[in-house]
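1. quick one, what's the 3D model for this:
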Amino acid sequence: MQRTAAGLSAGARTLEAELIDRARARDEAALREIMQANNRRLYRLARAILRSDSEAEDVVQETYVRAFTHLDGFRGESGLSTWLSRIAINEALGRARSTRPHVELGSVSEAALEAQIIKFPVSPPGDPERTMAQREIQRVVERAIDELPDVFRMVFVARVMEGMNIEETAALLGLKPETVKTRLHRARTMLRENVEKEIGPVMMDAFPFAGWRCERLTEAVLKRLGVGG
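-> From the prediction side, this is the model:
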C-alpha cells in the first residue's frame, strides 16, 4: 500500500484532506471529529510540560482555536495530528517559560540523570478493594510521571502513554531517534522496573481525557469559533 512521508496511507490522507476541507468551512461535525480524535493526545502532551490539569486544558483549547482559524496554513507536510501536537507543545512551552524561564526539551542536567522515583505500592491479589487501590496507584503513577525531568517526561508520554513510534516521537520533539531511545530508557529507569511490571496495565489510563471533560472542551472551542447552537 502506498504511504506518504507523513506515515499515512494514500487513502487515509485523502480522508484527512476531506475532513480538513470541511473544517475550513466550519463544518461542526468535522470540527468535533478532529477534536475528539486528538483531545487526549494534546492534553497529555501539554500536561507533560505544565503538570497542571487546568493549564493543560487551556492549552488544548487555545491550540484548536489557533489551528482552526489558521487551517489555510496547513500544508499537509505532516499529519494533522502531528501539526496539532506541535502547536500544543509550543503553546505549553511558552506558558512554562513564563514561569520557568529555562524550560527546554533539548537539554537536561547531569543531576537529573540520577533522579530516583519512589517504589510504588501494589494491591495484593484478591483484595476486595482492588478497584479503589488501582485508582490510588494510578494517582501515584501520575505524580511519579510529573516528577520526571521535562525532557524525559515528554518522551515517556509520547512513546508509552500515547503509543507513538520512535520516528514519530523524534519528529514531533525535534530529536534524533537515538536520543528518543536513550531518554525513554532513562525515564523507565527512573520510574523503576516494578512500575512497568506491577502496574503497567493501569498506565494506559493515566491522565484520561474523555467523557464530560472531552465534551466540555469541544463545546468551549466551538463556542469560541461561533459554530453550532
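2. buried residues, the host helix or strand of Cys214. List them.
-> Per DSSP states H and E, Cys214 falls inside helix 211-225. The neighbour-count check on helix 211-225 (16 or more other C-beta atoms under 10 Å) flags 214, 217-218, 221-222, 225 as buried. All C-beta atoms are positioned from the backbone trio N, CA, C, and that covers glycine.
3. for those residues, give me JSON lines that also has distance to Ile49.
-> Output for these, formatted as JSON lines (distance: C-beta to C-beta, whole Å):
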{"residue": "Cys214", "distance to Ile49": "20"}
{"residue": "Leu217", "distance to Ile49": "18"}
{"residue": "Thr218", "distance to Ile49": "22"}
{"residue": "Val221", "distance to Ile49": "20"}
{"residue": "Leu222", "distance to Ile49": "25"}
{"residue": "Leu225", "distance to Ile49": "25"}
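4. could you dump the residues you listed into TSV and include pLDDT?
-> Formatted as TSV, the buried residues of helix 211-225 follow (pLDDT from 0 to 100):
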residue	pLDDT
Cys214	85
Leu217	90
Thr218	90
Val221	93
Leu222	92
Leu225	91
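5. nearest to Ala17 among those residues?
-> Distances from Ala17 to these, taken as C-beta to C-beta, are shortest for Leu225 (20.4 Å).
6. residues contacting the closest one?
-> 26, 31, 65, 68-69 (C-beta atoms under 8 Å, 6 or more residues apart in numbering).
7. of the residues you listed, which belong to helices?
-> 31, 65, 68-69 (DSSP state H).
8. list only those of the residues you listed flagged as buried.
-> 31, 68.
9. list just the nearest of the ones in helices among the contacts of Leu225 to Arg188.
-> Out of the ones in helices among the contacts of Leu225, the member with the shortest distance to Arg188 (by C-beta to C-beta) is Val65, at 35.5 Å.
10. could you measure from the closest residue to the closest one other than its chain neighbours over to Arg135?
-> Closest residue to Val65 apart from its sequence neighbours, by C-beta to C-beta, 6 or more residues apart in numbering: Arg224 at 5.4 Å. Distance of Arg224 to Arg135, given as C-beta to C-beta, to the nearest Å: 33 Å.
11. tell me the two of the contacts of Leu225 that are most distant?
-> So, the contacts of Leu225 by C-beta to C-beta: farthest apart are Arg26 and Val65, at 12.6 Å.
12. next, Phe209: secondary structure please.
-> Following DSSP: H, G, I helix; E, B strand; the rest coil, Phe209 is assigned to coil.
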